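Novice: no sequence on hand, only this structure:
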């Protein structure tokens with residue numbers, strides 16, 4: 001059949017199918033083939049004159065001949081705004097209800113449309129109209145569960161690309177767009193709802209996004225809820241949540257709260273809002289509260305509360321929490337999801353100073369466990385290396401260190417909230433490579449090097465009296481050792497004494513003002529990082545080398561010390577050797593931050609899971625660090 005349409009002096013030649021058109025110049029044109037075209041579409045085609053058609057085909061023949069002639073040039077024409085003008089014409093047909101071939105019925109609304117247009121923008125309609133389903137041949141199609149006004153808006157969008165977004169209709173519009181599979185509309189509706197998020201509506205939007213399968217909107221609404229949880233629980237939406245949604249909230253590690261008690265009180269507020277129907281679920285819901293992390297006095301009060309005493313499951317959970325407090329030495333055996341602090345309640349740690357590629361760094365970076373991000377936490381007043389850092393009353397104390405060849409006794413205090421530095425009274429002795437730790441209030445500056453010799457002296461800072469005093473000296477001079485507090489004692493681990501790295505460890509009892517030797521490590525270590533977790537002391541990385549070349553034997557070894565047995569155990573090694581590594585505890589994991597691997601200053605961070613005895617690389621890295629102190 002030949003497909004040919006001639007109107008108003010312009011011509012359009014469509015593809016010839018099934019037969020080939022042969023025509024000699026000036027001969028009559030057989031238009032019988034056109035009738036098949038007319039019958040197929042059910043419309044009449046008017047042919048104005050055979051001479052005009054003859055001219056058209058003469059042009060076709062000449063055009064074909066020109067393409068065969070290598071001396072001529074082809075020309076291509078691209079109409080501007082062709083698609084826009086075409087759809088505008090289709091919209092005009094829709095407005096006048098012309099050429100419409102389907103009627104969409106939603107409720108008591110009947111919405112005319114063209115199948116071709118609907119199929120072009122909607123995979124839902126494309127699948128319907130191009131398959132063998134019953135609706136493919138029906139002139140009227142019922143759209144069950146679709147809001148009529150939303151459907152009308154989406155049909156209008158199919159023709160115009162224009163959509164009006166309103167707060168009061170956005171959810172019905174998005175639901176219809178999800179059904180009709182309109183990805184562009186889904187995206188703009190989700191973006192609109194993201195902008196509308198508020199503590200009073202985020203739970204509803206979160207639930208709606210989940211029901212519609214809008215993953216991006218669900219994640220954004222969930223994160224907003226977690227971030228603003230303290231405000232969310234003050235709103236009616238929270239009190240009206242079903243039990244299943246409360247479980248989802250309570251089971252999240254990402255809730256932004258200062259402590260576990262805040263979450264417990266939120267749960268009790270929800271239960272009391274409809275205590276008659278909700279009390280029966282208290283035992284189930286309480287399992288998602290980390291009761292061992294609540295204050296012991298609160299647990300004691302709950303034990304006598306009738307709401308808890310009458311529920312066997314509540315009693316079991318309270319007993320578990322009380323054991324955790326009453327038997328602290330057995331806590332490693334009591335580990336469970338309920339003893340793991342939520343990310344926002346563990347605080348943050350800071351990587352202070354260190355080295356970048358060529359020089360000492362002055363940056364302070366803060367790591368947020370909940371968001372897994374590093375942010376700028378401040379700037380030091382000057383460049384220092386081999387200094388000590390400790391935290392007292394949520395303030396950072398930077399102690400000693402060296403700038404080039406000059407060793408310092410200077411002490412500065414940094415407030416991360418106000419970002420203000422204060423100069424504190426200096427130590428009595430200049431020290432770099434010293435160890436710093438806080439034990440029962442006071443801060444201790446241990447050993448180090450004064451620029452001339454290795455030190456065994458120890459000074460104690462009294463934050464109340466704001467002064468330094470000497471305490472008993474160590475038995476061995478030590479520099480670049482690790483220092484930490486455990487079970488009311490101060491431990492000095494490894495280090496260098498001027499001739500070699502040390503395996504030895506000694507501990508200080510502040511009540512007797514005496515140092516005593518402990519079991520030595522398996523490995524000699526200078527530049528070792530130490531921290532305590534679950535009543536164990538961990539020694540991480542470092543080096544074992546002569547003073548002339550301390551980078552020749554760097555260590556990835558990690559050892560764990562048990563003060564009960566006075567024994568060391570080797571555990572899983574680091575992923576890479578790290579000398580002068582910063583080590584700290586955050587939540588239920590140890591973190592090894594930066595260091596030096598013998599070739600470069602490391603920006604990588606890895607964390608240790610004691611239960612599984614494995615190190616895992618933290619995805620986000622710091623910017624600069626070597627000899628970094630992290631707390």
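Specialist: That came through, no problem. All figures in this text were calculated on a predicted structure; none of them were measured in a lab.

Novice: what sits against residue 177?
Specialist: 150, 154, 185-186, 189 (C-beta atoms under 8 Å, 6 or more residues apart in numbering). Just so you know, the C-beta spots here come from the backbone N, C-alpha and C atoms, and that holds for glycine as well.

Novice: the closest residue to residue 150 other than its chain neighbours: neighbouring residues, count only.
Specialist: Of all residues not flanking residue 150 in the chain, residue 176 sits nearest, at 4.0 Å (C-beta to C-beta, 6 or more residues apart in numbering). When counting by other C-beta atoms under 10 Å, one arrives at 24 neighbours for residue 176.

Novice: just the element for residue 176, please.
Specialist: helix 170-180 (DSSP states H and E).

Novice: remind me what whatever helix or strand comes next after that helix packs against, helices and strands.
Specialist: Using DSSP H and E, the helix or strand that follows helix 170-180 in sequence is helix 183-196. Contacts defined by 3 or more C-beta pairs under 8 Å, 6 or more residues apart in numbering; DSSP states H and E place helix 183-196 against helix 170-180, helix 202-212, helix 215-227.

Novice: could I get the buried residue list for the longest one?
Specialist: Right, helix 215-227. For helix 215-227, burial by neighbour count (16 or more other C-beta atoms under 10 Å) applies to 217-218, 220-227.

Novice: where do the helices sit along the stretch 201-350 of the chain?
Specialist: With helices called from DSSP state H, counting those that start in this stretch, the stretch 201-350 of the chain shows them at 202-212, 215-227, 229-232, 236-239, 243-250, 260-273, 275-278, 282-286, 296-303, 306-309, 312-326.

Novice: buried set for the third one?
Specialist: Of the residues in helix 229-232, those with enough neighbours to count as buried (16+ other C-beta under 10 Å) are 229, 232.

Novice: over to the longest one?
Specialist: Burial within helix 312-326, assessed by neighbour count using 16+ other C-beta under 10 Å, is assigned to 314, 317-318, 320-322, 324-325.

Novice: which of the residues you listed sit farthest apart?
Specialist: Taking C-beta to C-beta, the two most distant members of the buried residues of helix 312-326 are 314 and 325; they sit 17.0 Å apart.

Novice: domain parsing for this structure?
Specialist: Listed by automatic domain parsing, the domain ranges of the chain are 4-68, 85-196, 247-339.

Novice: could I get the pLDDT score of the most centrally placed residue in the chain?
Specialist: Ranked by distance to the mean C-alpha position of the chain (C-alpha atoms, centre = their mean), the top residue is residue 371 at 5.3 Å. pLDDT, residue 371: 86.

Novice: got it, and residue 328?
Specialist: 81.

Novice: now swap in the one 5 residues further on and tell me
Specialist: Model confidence at residue 333, given as pLDDT, is 79.

Novice: in the contacts of residue 177, find the pair that's most separated.
Specialist: Maximum pairwise distance among the contacts of residue 177 (C-beta to C-beta): 12.6 Å, between 150 and 186.

Novice: count of residues packed around residue 620?
Specialist: 14.

Novice: quick check: it touching residue 372?
Specialist: Yes. Using C-beta atoms under 8 Å, residue 620 makes contact with residue 372 at a distance of 5.5 Å.

Novice: any chance of the helices and strands packed on helix 183-196 in CSV, plus distance to residue 263 and mean pLDDT?
Specialist: Shown next, in CSV, are the helices and strands packed on helix 183-196 (distance: least, C-beta to C-beta, whole Å; pLDDT from 0 to 100):
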stretch, distance to residue 263, mean pLDDT
helix 170-180, 29, 96
helix 202-212, 15, 96
helix 215-227, 12, 96
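
Novice: quick one: the helix holding residue 176 to helix 202-212, angle?
Specialist: 20 degrees (axes from the mean of the first three to the mean of the last three C-alpha atoms, to 10 degrees).

Novice: the longest strand along the chain pairs with which strands?
Specialist: Ranked by residue count under DSSP state E, the longest strand found in the chain is strand 454-462. With DSSP bridges as the test, strand 454-462 is paired with strand 443-449 (antiparallel), strand 467-471 (antiparallel).

Novice: list of residues touching stretch 281-295?
Specialist: With C-beta under 8 Å, 6+ apart as the test, stretch 281-295 has contacts from 243, 246-247, 250-251, 259-261, 263-264, 267, 271, 299, 307-308, 311-314, 317-318, 320-321, 324-325, 334, 337-342, 345.

Novice: just the strands in the stretch 51-200 of the chain please.
Specialist: For the stretch 51-200 of the chain, the strands defined by DSSP state E, counting those that start in this stretch occupy 102-106, 109-113, 140-142.

Novice: within the sheet, what are the partner strands of the last one, with directions?
Specialist: Right, strand 140-142. By DSSP bridges, strand 140-142 pairs with strand 102-106 (parallel).

Novice: average pLDDT for the strand it pairs with?
Specialist: 90.

Novice: next, the buried residues of that strand.
Specialist: 102, 104-106.

Novice: so the residue lying closest to residue 457 once chain neighbours are set aside is in which element?
Specialist: The shortest distance from residue 457 to any non-neighbouring residue, by C-beta to C-beta, 6+ apart, is to residue 473 (5.1 Å). Per DSSP H and E: residue 473 is located in neither a helix nor a strand.

Novice: quick one, phi psi at residue 259?
Specialist: Torsion angles at residue 259 (phi, psi; degrees, to the nearest 10) stand at phi -160, psi 170.

Novice: can you get me a residue count around the closest residue to residue 399 other than its chain neighbours?
Specialist: Spatial nearest neighbour of residue 399, excluding adjacent residues (C-beta to C-beta, 6+ apart): residue 388 at 4.3 Å. Residue 388 has 26 neighbours, counted by other C-beta under 10 Å.

Novice: ditto for the one 10 residues further on
Specialist: Per other C-beta under 10 Å, the neighbour tally for residue 398 reads 25.

Novice: do residue 251 as well
Specialist: 11.

Novice: any idea how far the nearest residue to it once chain neighbours are set aside is from residue 473?
Specialist: Nearest residue to residue 251 in three dimensions, chain neighbours excluded: residue 288, at 5.1 Å (C-beta to C-beta, 6+ apart). Distance, residue 288 to residue 473, by C-beta to C-beta, to the nearest Å: 51 Å.

Novice: swap in residue 404?
Specialist: Residue 404 is 28 Å from residue 473, by C-beta to C-beta.

Novice: settle it for me: which of the two has more neighbours?
Specialist: A direct count of neighbours by other C-beta under 10 Å for residue 404 and residue 473 places residue 473 higher, at 15 against 8.

Novice: which residues does the more buried one contact?
Specialist: 456-458, 515.

Novice: repeat that for 10 Å
Specialist: 446-447, 455-458, 508, 515 (C-beta atoms under 10 Å, 6 or more residues apart in numbering).

Novice: possible to save the residues you listed as JSON lines with neighbour count, pLDDT and distance to residue 569?
Specialist: Formatted as JSON lines, the contacts of residue 473 follow (neighbours: other C-beta atoms under 10 Å; pLDDT from 0 to 100; distance: C-beta to C-beta, whole Å):
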{"residue": "446", "neighbour count": "29", "pLDDT": "98", "distance to residue 569": "25"}
{"residue": "447", "neighbour count": "26", "pLDDT": "97", "distance to residue 569": "25"}
{"residue": "455", "neighbour count": "23", "pLDDT": "98", "distance to residue 569": "30"}
{"residue": "456", "neighbour count": "19", "pLDDT": "98", "distance to residue 569": "28"}
{"residue": "457", "neighbour count": "20", "pLDDT": "98", "distance to residue 569": "32"}
{"residue": "458", "neighbour count": "24", "pLDDT": "98", "distance to residue 569": "28"}
{"residue": "508", "neighbour count": "25", "pLDDT": "98", "distance to residue 569": "23"}
{"residue": "515", "neighbour count": "21", "pLDDT": "98", "distance to residue 569": "24"}
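
Novice: so which of the residues you listed comes closest to residue 535?
Specialist: residue 508 (17.9 Å).

Novice: sorry, back to before: and the pLDDT for the residue nearest to residue 457?
Specialist: Confidence score, pLDDT, at residue 473: 98.
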